[in-house]
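**Q** after the sequence you'll find the predicted model.
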Amino acid sequence: MKRPAKPSPTSLGSGGLTRRSVAASALAVASVSSPALSSAAVGALDEARYQSAHALTIGMSTYARARSLRHGSADALSVADALAARGFRLHDGAAKTDLTRKVLVDAVRAFAADVPENGLAFVWISGHGIAHQGQTFLLPSDDQHVRSRADLATQAVPLSMIVGWLVARQNSHAVLFIDTCRANPLPLDSPDGTRANPAISDLVAPGSGSNGSVTLIYSAAPGQIASDGSPEAGNSPFALAVLRAIAAGDLSSPKMFAQLTKQVRSASDGYQTPWMVQAGLAPSLLAEF
């Protein structure tokens, strides 16, 4: 999708949020045992370290207060179908869409608990996202009480909490694809009008003594708006780029990230730039399947 002009800042009023300014999560998570991976991929991943690969998909499009998203849920469904076509078993058998805060938290916690030690976890997140005090907050479908930044801690889901659950397993690696905005459209809380910096990183380092690692691949750089895509596209620009990588069997982080960046910047006329951060001993090859 080509945007004719630079996107305007998102606002939260009676009509809710526009574009992907609040992180409504489209988390894609599936699981597959190592025999389903190609021998080359298993060798590259170090079979002794990563004995199984896992993934989850949760997509958010409909909210109680924020503006509905065109492709939030569709992106999760598309990623889930693409993973299933490559031999992945989806967590609970299907993508999850339009979840309340409690259901979203319970689903991710259950998935993280299912990832064994020496496991590899893939997570896709797309939807509305809000950056606040150095973190990304994901907006659930029951967002009716999110009216200012002070509400985020209790009414939204911090991405860092999800990352923390995923890296809790010893010697595991987690890869999160996060298709959300990294700006903040909510009213200021401080009387002096001080603005918080946009989210820089939601990393939670693996625990002491663990050889685990985590890679976060955002659809947009800090402070940027992530495009939801045109009606004709069927998916967001970032989702389309990730789907191409899955179809090509290429999720090697350096090569894939370079292609993601090129495709998303082209689709957004340069206004949206993917962003990647890593912690721990992240493998150079996430999967070739």
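**A** That came through, no problem. Numbering: from 1, shown residues only.

**Q** can you tell me the element A245 falls in?
**A** Taking DSSP states H and E as the criterion, A245 maps to helix 237-247.

**Q** tell me what angle the helix or strand that that helix is followed by forms with helix 237-247.
**A** Once the chain leaves helix 237-247, the next helix or strand it forms, by DSSP H and E, is helix 253-267. Calculated by axes from the mean of the first three to the mean of the last three CA atoms, to 10 degrees, helix 253-267 forms an angle of 140 degrees with helix 237-247.

**Q** and the helix or strand immediately after helix 253-267 in the chain, C-alpha only, in CSV?
**A** Reading on from helix 253-267 to the C-terminus, the next helix or strand found by DSSP H and E is strand 275-280. Provided in CSV are the C-alpha atoms of strand 275-280 (Å, rounded to 0.1, in the frame of the first residue of the first chain):
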residue,chain,number,x,y,z
TRP,A,275,13.1,-1.7,14.0
MET,A,276,14.9,-4.7,15.6
VAL,A,277,16.4,-5.2,19.0
GLN,A,278,18.0,-8.3,20.6
ALA,A,279,19.2,-9.5,24.0
GLY,A,280,21.1,-12.7,24.8
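
**Q** okay, buried residues for strand 275-280 please.
**A** Residues of strand 275-280 classed as buried: 275, 279-280 (neighbour count, 16 or more other CB atoms under 10 Å). For the C-beta atoms, the positions are set from N, CA and C on the backbone; glycine is no exception.

**Q** including distance to Q170, could those residues go into TSV?
**A** Below are the buried residues of strand 275-280 laid out as TSV (distance: CB to CB, whole Å):
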residue	distance to Q170
W275	28
A279	15
G280	12
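
**Q** low-confidence regions, the stretch 101-250 of the chain specifically.
**A** 183-201, 204-211 (pLDDT under 70).

**Q** for L83, phi and psi?
**A** With angles defined as degrees, to the nearest 10, L83 sits at phi -70, psi -40.

**Q** what about it, how many residues nearby?
**A** 27 (other CB atoms under 10 Å).

**Q** quick check: the gap between it and W165.
**A** As judged by CB to CB, to the nearest Å, L83 and W165 stand 20 Å apart.

**Q** follow-up on the earlier one: show me the contact partners of the helix holding A245.
**A** Contact with helix 237-247 is made by 1, 26, 71, 75, 78-79, 82-83, 86, 124, 126, 177, 179, 219-220, 226-227, 229, 233, 235, 251, 256, 259-260, 263-264, 267-268, 272, 274, as judged by CB atoms under 8 Å, 6 or more residues apart in numbering.

**Q** hmm, try it at 7 Å
**A** Outside helix 237-247, the residues that touch it by CB atoms under 7 Å, 6 or more residues apart in numbering are 1, 71, 75, 78-79, 82-83, 86, 126, 177, 179, 219, 226-227, 229, 233, 235, 251, 256, 259-260, 263-264, 267-268, 274.

**Q** kindly check the end-to-end length of stretch 120-133 for me.
**A** Chord length of stretch 120-133, first to last residue, is 29 Å (CA to CA, to the nearest Å).

**Q** in it, which residues are buried?
**A** For stretch 120-133, the neighbour count (16+ other CB under 10 Å) marks 120-132 as buried.

**Q** identify the farthest-apart pair in these.
**A** The most widely separated members of the buried residues of stretch 120-133, counting by CB to CB, are L120 and H132 (30.2 Å).

**Q** for V264, give me its contacts.
**A** Contacts for V264 (CB under 7 Å, 6+ apart) come out as 219, 237-238, 241, 272, 274.

**Q** which strand residues bridge the residue lying closest to V105 once chain neighbours are set aside?
**A** Closest residue in space to V105, ignoring its immediate chain neighbours: V157 at 6.1 Å, by CB to CB, 6 or more residues apart in numbering. Applying DSSP bridges to V157 gives these bridge partners: L138.

**Q** so what's V157 up against?
**A** 101, 104-105, 137-138, 140.

**Q** before we move on, what about G212?
**A** Residues near G212 by CB under 7 Å, 6+ apart: 167, 169-173, 206, 280.

**Q** buried subset of those as a ChimeraX selection?
**A** Here is the ChimeraX command that selects the buried residues among the contacts of G212 (16+ other CB under 10 Å):
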select :167,169,171,172,173,206,280
